[in-house]
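Enquirer: Sequence unavailable; structure follows:
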């Protein structure tokens, strides 16, 4: 009994365990059935969650083989339960439920879990279902990933594409994820996916396109270009026409490189030959500047970004080139022991001893660098003073360099910290000849005091916008504020520009002329040693020769040895220019009305035609051909009571002119009609076409095209009925020396407007004018006799037109 009782007691826990197991299995099976019912009712998310809860228990039973025990067959016999396929049913239904609930990432994870548990030998049994599931699931993952990309949710897209890749390592899916990673700035991940695309399809250009983009985003520019070149090769060899068409969207790297170099060359045409690299502190010639650019991040950025845009976009290239090669110019007063080129060649400026003027150069470079400019230029060390060719090019190009600079920094070494307004005007810098172009040419200028703080504590980006600073410069230089802010080089207003420089000084006497080359837009040889008069003479000769502007002859002082009509020194232009008396229209009309005599009108028309046909002045080889209205001098008499003065005053009489006084250093021969001499003296009125009141075609090139033109083919064109410009065009078509059109037709004067025009000219010629005193030489040429003051002459009788008829082209030495 004890043994039997003992056996009964020992078997009780086993029976209880079996009962518990069967109860638990029953509950599990019924729970699964509820999930299947939810699935079949379309409650897929609920079904997925229920099945998800069953997975741990089912997997445990499955892994232990408990579901296949014979003792469980009773459930199959009694209830028809299929316990053998329970694990498969739960897992497959869970995957399908997640998929239909659009919980695709959970679906992918469920599938991966299931396939991981299945033994390799049994996987073939699941192949058909698994394949169909993966097709459906990957398709949905990609579709949702594309939707996320469309809305800019790249993080979500990456998750979805990653889920698709987990089911199907397709080249297409890696490509999509690479693009999404790129948009998220995950360049390493994008590159990894691009490499996978290349691995899966080595012949496709797509992988290299993605690789190029990822490398470019990661700033690995050299590698990016290599990937791009490979991509082009792949697209050229692609069998598909569509792929080859895609090739047309890109530009060859070699074409981009050529275009960049062209942009660089064009930009550097207006750049200094040598520049200081503000980053490295080294002086660089043109070759070194270009090399630095080719190695720069800017170049490696613009090259890959340009190849992807066909046709090639030049504007971004030009902008990138202009930004990289932007330079700052230094304007300053030279001090003792300025660092020269040979002293900084092959050295780092920042590492040199910060003593003396080296501090100025270092501060300037740092200031330019901090302003965002890669390059800086100083005339002390950026010109090889011993190289004549380079020196000549630099002098002729300096205005252009300042003009195209991104910034000009003016350093005022003698303006103390905290100096008030007026210090700039009194600075030595403001007396130097070269500094005129250095503040006129640039568009952006900043003035700095001796401690390198902005003048007047003006921390704005451009002192040309400072009313206070520009007003101070205008008051001290005599240059109008509008010209200070927006100066345009050229011949216009030559006399005014010469006056700007009349009080300036330069260390080398020739530089007073050379410093004006750029202001007038003139290129001339630089010949140090030729002396001031020759240098200034060549400049003035070129101004007159190119422009025909004779205002450069308006000066007082001493004549130049270059040509007697030019001054020996630029200070002769310091007095204000002599301007003609300005008449109102009423005054002109009154004067014209008084000249209506037929003889006067006839002579006026003849004089008008003669002057209209005159050639402009010519100046070459130191000989000036000057069109003039001449008045022969009939008497020269020295004023009484003069002792040993350096200047002499003379009473002068000339045909057709009122008597006048002339003061000059020259000793004139005294003569009269009673005591004549062989030498001829003239007072001349230099001729300028502005008296004709003609339209300036240089300022209005479209005037002829803007006037209506209509006439009958049956009759002649009546120019008298047309507007003023067409009458002028008609006259210009006539041979020189002929009468105006209005004076033809049987010799009758039929055009009252032409009469008025000619008489208006007489009125203007009758006003006081600045005359030149000329003395004839043995060869028939003339020399100008310089005077201490402007010679102001006036015709004796405006109606005596015949006195103004002596019009000549005189040659002056």
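Expert: In hand now; what should we look at? Just so you know, these numbers come straight off a predicted model, no measurement behind them.
Enquirer: Now do stretch 216-229: everything it contacts.
Expert: 182, 185, 187-188, 190-191, 208, 211-213, 215, 250, 253, 297, 300-301, 303-305, 307 (Cβ atoms under 8 Å, 6 or more residues apart in numbering). No exception for glycine: its C-beta is placed from N, CA and C like everyone else's.
Enquirer: Narrow those to those in helices?
Expert: 182, 187-188, 190-191, 208, 211-213, 215, 253, 297, 300-301, 303-305, 307 (DSSP state H).
Enquirer: Quick one: list the elements packing against the lengthiest strand in the chain.
Expert: The longest strand of the chain (DSSP state E) is strand 623-638. With contacts taken as 3 or more Cβ pairs under 8 Å, 6 or more residues apart in numbering; DSSP states H and E, strand 623-638 sits against strand 618-620, strand 648-654, strand 681-686, strand 807-812.
Enquirer: and the closest residue to residue 45 other than its chain neighbours, how many neighbours does it have?
Expert: In this structure, residue 45 finds its nearest non-sequential neighbour in residue 101, 4.0 Å apart by Cβ to Cβ, 6 or more residues apart in numbering. Residue 101: 19 surrounding residues under other Cβ atoms under 10 Å.
Enquirer: From residue 111, how far out is residue 101?
Expert: 14 Å (Cβ to Cβ, to the nearest Å).
Enquirer: Only the buried residues of the longest strand of the chain, if you could.
Expert: 624, 625, 626, 627, 628, 629, 630, 631, 633, 635, 636 (16 or more other Cβ atoms under 10 Å).
Enquirer: now it against strand 648-654, angle please.
Expert: 100 degrees (axes from the mean of the first three to the mean of the last three Cα atoms, to 10 degrees).
Enquirer: any chance of the buried residues of strand 623-638 in CSV, with pLDDT and distance to residue 285 too?
Expert: Shown next, in CSV, are the buried residues of strand 623-638 (pLDDT from 0 to 100; distance: Cβ to Cβ, whole Å):
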residue, pLDDT, distance to residue 285
624, 96, 42
625, 96, 45
626, 96, 46
627, 96, 49
628, 95, 52
629, 95, 56
630, 96, 57
631, 96, 60
633, 95, 61
635, 95, 67
636, 94, 62
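Enquirer: And the furthest pair within these?
Expert: Spanning the widest gap among these are 625 and 635, at 28.5 Å by Cβ to Cβ.
Enquirer: re the thing from before, what's near enough to touch the residue nearest to residue 45?
Expert: By Cβ under 8 Å, 6+ apart, the neighbours of residue 101 are 44, 45, 48.
Enquirer: Residue 346: what secondary structure?
Expert: Assigned by DSSP: H, G, I helix; E, B strand; the rest coil, the conformation of residue 346 is coil.
Enquirer: Then residue 311?
Expert: coil.
Enquirer: Please list all residues in contact with it.
Expert: residue 251.
Enquirer: Quick check: it vs residue 262, distance?
Expert: Counting by Cβ to Cβ, the gap from residue 311 to residue 262 is 15 Å.
Enquirer: Please apply the same query to residue 610.
Expert: From residue 610 to residue 262 the distance is 53 Å (Cβ to Cβ).
Enquirer: cool, and residue 798?
Expert: Residue 798 is 63 Å from residue 262, by Cβ to Cβ.
Enquirer: the more surrounded of these two?
Expert: residue 798 (20 against 14).
Enquirer: Residue 389: neighbouring residues, count only.
Expert: With other Cβ under 10 Å as criterion, residue 389 counts 9.
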